[in-house]
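Engineer: Provided below are the primary sequence and the corresponding predicted coordinates.
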Amino acid sequence: MQRPESGPQRVLPPVFSGDGLSLDACSILRRNPEMRSDQIENGIKLLVGLVGFAAKPGFLGAFTTALSSRDLAKKIIADAPADIKRLADQLTDSAQEVFDGFKHDLPPDADLLYAQMVEFGLPTPQQVVTERMNAGDVTDAMLERLTLTEHVKGHMPGLFRDITKPTLEKLLADRSFADSLTPAYMAEVLQDLERQAKLIQDLEAKFGSLAKALDHLSSAKRDQLELLAERFRLEDVRQSSNDALMAVLSEKAEELRKARLIFASLDPKDAALARLKAEADAAAERLDFAAVEWALAQVDQARTKDAEAAKLARAENALLNEETALAARLLVAAAESFGGKDPLAPARKRLEYLPVLLNHGVRFGLPALKEARGVAENAAEAFAADLKTRQSTDQERYFRALHAQALTFLGIAQFEIGQKEDHETGRTAMNQAIDHYRSAIHTFDAIGLDGEAAIARNNLGTALRTLGTRTDGDAGTVLLHEAEQVLITACGHNDMPENMAVRKSNLGVTQTDLAMRFSGKIALDRFKEAHATLSAAMDLERASGRDSSTSSTNLPFAVVRIEQGRRTSGMTGRDWLTEALGLLENAEAALPRKKTPQLWALVAFTRATALYHRAMHDTSDNPCSDLLAARTHLTDALSEFTEARAPFNRKRAMLREDQITAALFDAGCVD
């Protein structure tokens, strides 16, 4: 008898509910050091510039309200001496480690949001000095100044605090780093900023705004052209001719006009888009092109999300209509829509969408699982090809983790296919799943991702066990022993109770399968061991807040009791079989037929097995009622175990049906 599965643990959120799997979304997909470090660095440099000025109190009197803290900090750090730039680099490395290790879900643009939060929240140097602010005071004051929803919602304030406060503590604890900011250098910085402030005031007075000044480039003076070019963060401004500056500024003016047309077309009834439009218009007037580009990115993201949501909804509808190939095409199309700037975004999105197909396949059978396998293979191939171009150690580690994650998903798809396919086809798929899991574990171990390695080991142990139950003789026993050892290792990783419960449950099921390979006292002792392991799994589930009546261990507990009961004579054995039937009633209630038909059918099959063994037990004096009930449950199971959806389970159920039919005739229950 194939043992019921607790199911593999997934690297991303659980593929289906009600199976005892409750994992946080893996943050690997969000940690891309290559794409994040520039924005984090920008924020850290602003903090260095701020504290650098605050460390030179003799210059505070020269600081005027016409100069923003942001402009001042940027100017100080832009041409700062080499030792200060090295300090900024070191602090950025520390900040990046905090960002990469942040455990909570973050928005995809969290690094950009952090840099904005620093810009928008910077206090003045006078405030830092006169109020004698420490790192905590500055951090709190900066957070209080933030008002944008994106900055204050979710875990962004926590991320901001975890990066900013330690950075400021290091800067404020030893301000000697600012000694290299000589009086001559600081005076030059202030003089240049004052000059810029005066030019801005003159242009705004003459044309109304900096944006309107772009319409009158021919009448602009040299220093005004340079100022406008610097607002767009253009390089080599001082070395460029007037004609070159005017040509570039004309191009930028056209880009700005196109951006404003996009904002003008936004739906004014959408509050979030209306707020973006107002922010973008204000930024455009002052030629804050970075803020305009950010607003454009937000609009593009909102539109992409809308298109993504529409495709995902269509994919869900296609699955409801059993159009699995169409659903897969829609999911792939949604993933490909993210490939504009990041060539690997479609592969990451494929991993994100895979639970949709896997979820359906686990519940309803093979077609969706085969589509999921193709999607996972495509993602794994994309990451493998990209790895060949990686040289940086940090970047390589991140992308190796992505590749291992894709292999884990591919292993899950192959495992689920292997469970449902007929003998040889199923064995082939199961062996492929095992290979993928081993490769993923090797990578996760090598790069130090212990949690992901434990998940993959749980999956490997589950696959080895399933293959072992389908392999006769010593070869099958060897596989089961290996599965047990792998799962013991997986259980050794400290994790959330619900995750540890899954691994304990799978270990208990494996120990049950091993016990079936023996007879007599050895078998009964091993069944006791399995029962103890499953009891520990149930305790962990209770610790996570799950009620025992809906425990995912009810089904494997029932199997242990069936095996103990059929091997034990007298009322003790019969009571164990009756206990198994009670556990199976709870399991059925937690796995409704409409939501999880394949698992519901597995429960029905196991109920038929329990009733059959109770009817055949030495205490049974009237087996007909149990045998007739067993036949009913088996008919229910076969209605879901179709040739197309689960050929392996169908064959098992038909063999059990033959046994029950023969027993009915032998007992005289039917003519």
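Structural biologist: Perfect, thanks for sending it.
Engineer: Contacts only, for Gly418.
Structural biologist: 426-430, 432-433, 463, 466-467 (C-beta atoms under 8 Å, 6 or more residues apart in numbering). C-beta: built from backbone N, CA, C; applies to glycine.
Engineer: and Lys305, how far is that from Leu449?
Structural biologist: Using C-beta to C-beta, to the nearest Å, we find Lys305 at a distance of 29 Å from Leu449.
Engineer: Please say which of these two ends up with more neighbours.
Structural biologist: Between Lys305 and Leu449, Leu449 has the larger neighbour count (other C-beta atoms under 10 Å), namely 21 against 10.
Engineer: So that one versus Ala404, what's the distance?
Structural biologist: 8 Å.
Engineer: can you check Phe518 too?
Structural biologist: From Phe518 to Ala404 the distance is 37 Å (C-beta to C-beta).
Engineer: of those two, who's got more company?
Structural biologist: Ala404 (29 against 14).
Engineer: tell me which element Arg650 falls in.
Structural biologist: Assigned by DSSP states H and E, Arg650 belongs to helix 647-666.
Engineer: taking the mean pLDDT, what do you get for that helix?
Structural biologist: Helix 647-666 shows a mean pLDDT of 92.
Engineer: Report how many residues lie close to Asp386.
Structural biologist: Considering only other C-beta under 10 Å, Asp386 is surrounded by 16 other residues.
Engineer: which other helices and strands contact the one helix or strand it maps to?
Structural biologist: In the assignment (DSSP H and E), Asp386 maps to helix 366-387. Applying 3 or more C-beta pairs under 8 Å, 6 or more residues apart in numbering; DSSP states H and E, we find helix 366-387 packed against helix 324-336, helix 345-364, helix 393-420.
Engineer: which parts of the shortest one are buried?
Structural biologist: If I follow you right, that is helix 324-336. If you call a residue buried by 16 or more other C-beta atoms under 10 Å, then helix 324-336 has these buried ones: 324, 326-332, 334-335.
Engineer: Now the longest helix anywhere in the chain: average pLDDT?
Structural biologist: If you go by DSSP state H, the chain has its longest helix at helix 289-320. Helix 289-320 shows a mean pLDDT of 76 in the predicted model.
Engineer: With adjacent residues omitted, what lies nearest to Ala264?
Structural biologist: Lys277 (7.6 Å; C-beta to C-beta, 6 or more residues apart in numbering).
Engineer: wait, what's in contact with that neighbour?
Structural biologist: Here Lys277 is in contact with 263-264, 266, 268, 295 (C-beta under 8 Å, 6+ apart).
Engineer: following the helix or strand containing Arg607, which helix or strand shows up next?
Structural biologist: For Arg607, the host element (DSSP H and E) is helix 597-615. Downstream of helix 597-615, the first helix or strand assigned by DSSP H and E is helix 624-640.
Engineer: TSV please, covering the helices and strands packed on helix 366-387 and showing mean pLDDT and distance to Ala662.
Structural biologist: Shown next, in TSV, are these (pLDDT from 0 to 100; distance: least, C-beta to C-beta, whole Å):
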stretch	mean pLDDT	distance to Ala662
helix 324-336	86	38
helix 345-364	85	32
helix 393-420	86	27
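Engineer: With respect to Ile200, which of those helices lies nearest?
Structural biologist: When those are compared by C-beta to C-beta, helix 345-364 sits nearest Ile200, at 38.4 Å.
Engineer: Relative to the whole chain's centre, how far out is the closest one?
Structural biologist: 12 Å (C-alpha atoms, centre = their mean, to the nearest Å).
Engineer: and what of stretch 213-220?
Structural biologist: Relative to the chain's own centre, stretch 213-220 is displaced by 49 Å; criterion: C-alpha atoms, centre = their mean.
Engineer: Could you do stretch 447-455 as well?
Structural biologist: Relative to its chain's centre, stretch 447-455 lies at 14 Å (C-alpha atoms, centre = their mean).
Engineer: in that stretch, what's buried?
Structural biologist: Buried residues in stretch 447-455 (16+ other C-beta under 10 Å): 449, 451-455.
Engineer: next one: stretch 141-161
Structural biologist: Quick answer for stretch 141-161 (16+ other C-beta under 10 Å): 141-143, 146, 150-151, 154, 156, 159-160.
Engineer: Tabulate those residues (a markdown table), appending secondary structure.
Structural biologist: Output for the buried residues of stretch 141-161, formatted as a markdown table (DSSP: H, G, I helix; E, B strand; the rest coil):
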| residue | secondary structure |
| --- | --- |
| Ala141 | helix |
| Met142 | helix |
| Leu143 | helix |
| Leu146 | coil |
| Glu150 | helix |
| His151 | helix |
| Gly154 | coil |
| Met156 | helix |
| Leu159 | helix |
| Phe160 | helix |
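Engineer: so which of those residues would you say is closest to His360?
Structural biologist: Gly154 (29.7 Å).
Engineer: how far away is that closest one from Ile447?
Structural biologist: 28 Å.
Engineer: What separation do you get for Gly476 and Leu514?
Structural biologist: Relative to Leu514, and taking C-beta to C-beta, Gly476 is found at 10 Å.
Engineer: I'd like the distance from the helix holding Asp386 to the chain centre, please.
Structural biologist: That offset, for helix 366-387, works out to 17 Å (C-alpha atoms, centre = their mean).
Engineer: in that helix, what counts as buried?
Structural biologist: For helix 366-387, by 16+ other C-beta under 10 Å, it's 366-380, 382-383, 386.
Engineer: Quick one: mean pLDDT for stretch 439-450?
Structural biologist: Average pLDDT, stretch 439-450: 91.
Engineer: and if you look at stretch 171-178?
Structural biologist: 76.
Engineer: what's it in contact with?
Structural biologist: 47-48, 51-52, 54-56, 83-84, 87, 91, 134-135.
Engineer: Would you pull up how far the host helix or strand of Lys528 lies from the middle of the chain?
Structural biologist: Element membership for Lys528 (DSSP H and E) is helix 520-543. Distance, stretch centre to chain centre, for helix 520-543: 33 Å (C-alpha atoms, centre = their mean).
Engineer: Moving C-terminal from that helix, which element do we reach first?
Structural biologist: Under the assignment DSSP H and E, the closest C-terminal helix or strand after helix 520-543 is helix 554-567.
Engineer: how far out from the middle of the chain is that following helix?
Structural biologist: 37 Å.
Engineer: what packs against it?
Structural biologist: In terms of contacts (3+ C-beta pairs under 8 Å, 6+ apart), helix 554-567 is packed against helix 497-515, helix 520-543, helix 570-590, helix 597-615.
Engineer: can you state the direction angle for the third one and helix 520-543?
Structural biologist: Okay, so that is helix 570-590. Orientation check (axes from the mean of the first three to the mean of the last three C-alpha atoms, to 10 degrees): helix 570-590 against helix 520-543 gives 30 degrees.
Engineer: Tell me what angle helix 570-590 forms with helix 597-615.
Structural biologist: Helix 570-590 runs at 160 degrees relative to helix 597-615, counting by the same axes, to 10 degrees.
Engineer: tell me the contacts of Leu112?
Structural biologist: Per C-beta under 8 Å, 6+ apart, neighbours of Leu112: 39, 294, 297.
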